[in-house]
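Chemist: Okay, predicted coordinates and the sequence, questions at the end:
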Amino acid sequence: MLSNRLPPHAEINALSRVVESLRQEGVAILDLTESNPTRVGIAYPHDLLSGLGAERALRYEPDPLGMPSARHAVRDDFARRGIIVDPASIVLAASTSEAYTWIFKLLCDPGTSVLVPQPSYPLFEHLTRLESVRLVPYNLRYHGRWEIDFESVTAAPPDTKVVLLVSPNNPTGSYVSRREAVLLADVCRERGWAIVADEVFADYPVEAQDPPTEIARDAPVLSFTLGGASKSLGLPQVKVAWMLVSGPQHLRDEALTGLELIADTFLSVGTPVQIALPDLFARAGVVRHAIQDRLRRNIQCAREITRRYPSCDLLSVEGGWSAVIRVPAVRGEDALVLDLVRREHVLVHPGYFFDFPHEAFFVVSLLPPEDVFADALDRALRLASA
């Protein structure tokens with residue numbers, strides 16, 4: 001009965017089963033996979049969401065691309081980072097995941113190839129399959145920092161229409177450099193590809209100095225830059241994201257016309273959050289700063305702990321909310337993470353979850369409270385080094 005667009009979903013993996021069993025027994029799990037900032041002790045202003053109850057929200061007057069006041073608020077937030085944009089080129093969606101699906105609807109026929117970085121977040125596998133487009137990976141290689149392997153980019157199938165960038169990438173924490181952005185734009189111009197630049201973590205540099213943002217905005221091809229409240233404001237529950245459409249005027253206008261039709265079909269962004277958005281941008285900076293402080297403290301802690309275990313290596317973390325640690329590959333990642341949660345009650349992501357090219361890697365969130373992070377990471381690396 002179900003379509004073949006639906007990704008495999010029935011089988012719960014062994015790690016999830018063990019974690020659920022331990023929690024049912026009342027065992028406290030030290031969770032180094034936590035990516036929800038509202039669950040890690042970050043202090044939020046108690047009335048931050050009060051604007052969602054504005055009386056104006058009772059009147060429903062939908063605008064497919066987003067209410068002008070909300071789009072202007074996004075424009076002003078770009079200006080906070082020194083980036084001048086036209087609010088007429090901004091489109092609101094309920095999430096960046098939804099923005100991806102709209103872009104695939106706009107540009108891709110069923111079966112069209114889309115280039116996706118690897119390693120990267122596994123959500124892309126689901127998003128592309130649900131839209132009946134073909135995911136084709138291009139590689140990120142680690143040579144002191146993660147860099148795009150352009151041989152794998154230029155080997156893309158002839159039917160490729162879109163290349164996805166994530167900067168900083170999840171989980172590698174690597175920004176697309178200015179040099180890489182120029183090289184990629186040249187390839188896209190030659191082949192007629194569009195660029196989708198996911199910059200949801202752009203506000204969170206960790207060890208990078210002056211990291212590039214808006215890497216797609218000046219590209220000479222049709223481009224889409226994505227951001228959202230989930231990361232930028234630390235508010236995953238308010239469900240609003242945005243895309244900036246850039247590129248040659250005729251392509252940009254054509255894309256915005258198509259996106260208006262798609263957005264009008266769904267009208268997914270709620271009125272209350274659009275009305276509240278200017279106030280949320282104005283007030284949520286304190287949350288963003290608290291998250292940034294947590295990230296930097298935990299990465300410093302991670303470096304100190306990793307030095308105690310010479311067989312482990314904390315890879316470069318330029319930005320984002322995750323860190324990658326290379327651990328001895330004396331046994332498979334699956335067995336290692338299962339042993340870790342059973343014996344030490346510490347949960348990490350194995351590298352294969354993100355399609356790392358070989359074993360063995362731990363991927364850990366930098367969001368947990370500092371005492372929890374330090375205890376859990378020390379336990380994890382001690383077991384991995386044993």
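Modeler: Structure's in. What do you need?
Chemist: Count the residues that sit near P137.
Modeler: As a burial measure, P137 scores 16 neighbours (other CB atoms under 10 Å). For glycine as for every other residue, the C-beta is placed from the backbone atoms N, C-alpha and C.
Chemist: My read is that it contacts V114, right?
Modeler: No. In this structure, P137 is not within contact of V114 by CB atoms under 8 Å, at 10.1 Å.
Chemist: Please report the residue range of the longest strand in the chain.
Modeler: strand 134-142 (DSSP state E).
Chemist: Mind giving me the packing neighbours of the helix or strand following that one?
Modeler: Once the chain leaves strand 134-142, the next helix or strand it forms, by DSSP states H and E, is strand 146-148. In this structure, strand 146-148 makes packing contacts with strand 134-142, helix 178-191, judged by 3 or more CB pairs under 8 Å, 6 or more residues apart in numbering; DSSP states H and E.
Chemist: got the end-to-end distance for stretch 223-235?
Modeler: 26 Å (CA to CA, to the nearest Å).
Chemist: One more: stretch 218-230?
Modeler: The first and final residues of stretch 218-230 sit 25 Å from each other (CA to CA).
Chemist: Report the buried residues of it.
Modeler: A219, V221, L222, S223, F224, T225, L226, G227, G228, A229, S230 (16 or more other CB atoms under 10 Å).
Chemist: Check stretch 291-307 too.
Modeler: By neighbour count, with 16+ other CB under 10 Å as the criterion, the buried positions of stretch 291-307 are I291, R294, L295, N298, I299, C301, A302, I305, T306.
Chemist: ranges for the helices of the stretch 251-386 of the chain?
Modeler: 271-283, 285-307, 333-343, 370-385 (DSSP state H, counting those that start in this stretch).
Chemist: Relative to the whole chain's centre, how far out is stretch 311-329?
Modeler: 17 Å (CA atoms, centre = their mean, to the nearest Å).
Chemist: no wait, stretch 63-79
Modeler: A distance of 21 Å separates the centroid of the chain from that of stretch 63-79, by CA atoms, centre = their mean.
Chemist: Give me the contacts around that stretch.
Modeler: The contact list for stretch 63-79, computed with CB atoms under 8 Å, 6 or more residues apart in numbering, reads 84-88, 90-92, 214, 227, 232, 240, 242, 244, 256, 259-261, 263-264, 267, 269, 271, 274-275, 277-278, 281.
Chemist: The residues you listed in strands, which ones?
Modeler: Per DSSP E, those map to strands at I90, V91, L92, G227, W242, L244.
Chemist: got CSV for those residues, with pLDDT and distance to L22 too?
Modeler: Written out in CSV, the entries for those read as follows (pLDDT from 0 to 100; distance: CB to CB, whole Å):
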residue, pLDDT, distance to L22
I90, 98, 45
V91, 98, 43
L92, 98, 41
G227, 97, 36
W242, 98, 39
L244, 97, 44
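Chemist: just those residues now: which is nearest I42?
Modeler: Looking at those and their distance to I42, the nearest is G227, at 19.4 Å (CB to CB).
Chemist: For that closest one, give me its contacts.
Modeler: Remark: with contacts taken as CB under 8 Å, 6+ apart, G227 is in contact with V74, T96, E199, V200, A202, A241, W242, M243.
Chemist: for the residues you listed, which one is nearest E131?
Modeler: The shortest approach to E131 among the contacts of G227 belongs to T96, at 14.3 Å (CB to CB).
Chemist: I'd like the distance between that closest one and D63.
Modeler: Remark: distance between T96 and D63 (CB to CB, to the nearest Å) = 20 Å.
Chemist: Same check on H250?
Modeler: Relative to D63, and taking CB to CB, H250 is found at 24 Å.
Chemist: ok, then the element right after the helix or strand bottoming out on mean pLDDT in the chain?
Modeler: For the chain, scoring each helix and strand by mean pLDDT, DSSP states H and E identifies helix 14-24 as the least confident one, at a mean of 91. Heading C-terminal from helix 14-24, the first helix or strand you meet, by DSSP H and E, is strand 30-31.
Chemist: who does that next one touch, helix- and strand-wise?
Modeler: Packed on strand 30-31, when contacts are counted by 3+ CB pairs under 8 Å, 6+ apart, are strand 346-347, helix 370-385.
Chemist: Out of the contacts of stretch 63-79, which end up buried?
Modeler: When the contacts of stretch 63-79 are checked against 16+ other CB under 10 Å, the ones flagged as buried are 85, 87, 90-92, 214, 227, 232, 240, 242, 244, 256, 259, 263, 269, 271, 274-275, 277-278, 281.
Chemist: Please convert the helices and strands packed on strand 30-31 to TSV, extending it with mean pLDDT, mean neighbour count and distance to Y121.
Modeler: Below are the helices and strands packed on strand 30-31 laid out as TSV (pLDDT from 0 to 100; neighbours: other CB atoms under 10 Å; distance: least, CB to CB, whole Å):
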stretch	mean pLDDT	mean neighbour count	distance to Y121
strand 346-347	98	24	17
helix 370-385	98	19	21
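Chemist: T172 is nearest to which of the helices of the stretch 251-386 of the chain?
Modeler: helix 285-307 (13.8 Å).
Chemist: mind checking how far that closest one is from the chain centre?
Modeler: The chain centre lies 18 Å from the centre of helix 285-307; the measure is CA atoms, centre = their mean.
Chemist: Contacts for it, please.
Modeler: Applying CB under 8 Å, 6+ apart, the contact partners of helix 285-307 are 37, 40, 42-45, 48, 203-204, 206-207, 232-235, 312-314, 317, 321, 323, 325, 364, 366-368, 370, 373-374, 377-378, 381.
Chemist: In ChimeraX, how would I select just the buried ones from those residues?
Modeler: The ChimeraX command for the buried members of those (criterion: 16+ other CB under 10 Å) is given here:
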select :37,40,42,44,48,203,204,206,207,232,233,234,235,312,314,317,321,323,325,364,366,367,368,373,374,377,378,381
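Chemist: out of the contacts of helix 285-307, which are inside strands?
Modeler: Judged by DSSP E, the contacts of helix 285-307 include D313, L314, A323, I325, V364 as members of strands.
Chemist: picking up where we left off before, now the least confident helix or strand of the chain against helix 333-343, angle please.
Modeler: Counting by axes from the mean of the first three to the mean of the last three CA atoms, to 10 degrees, helix 14-24 lies at 10 degrees to helix 333-343.
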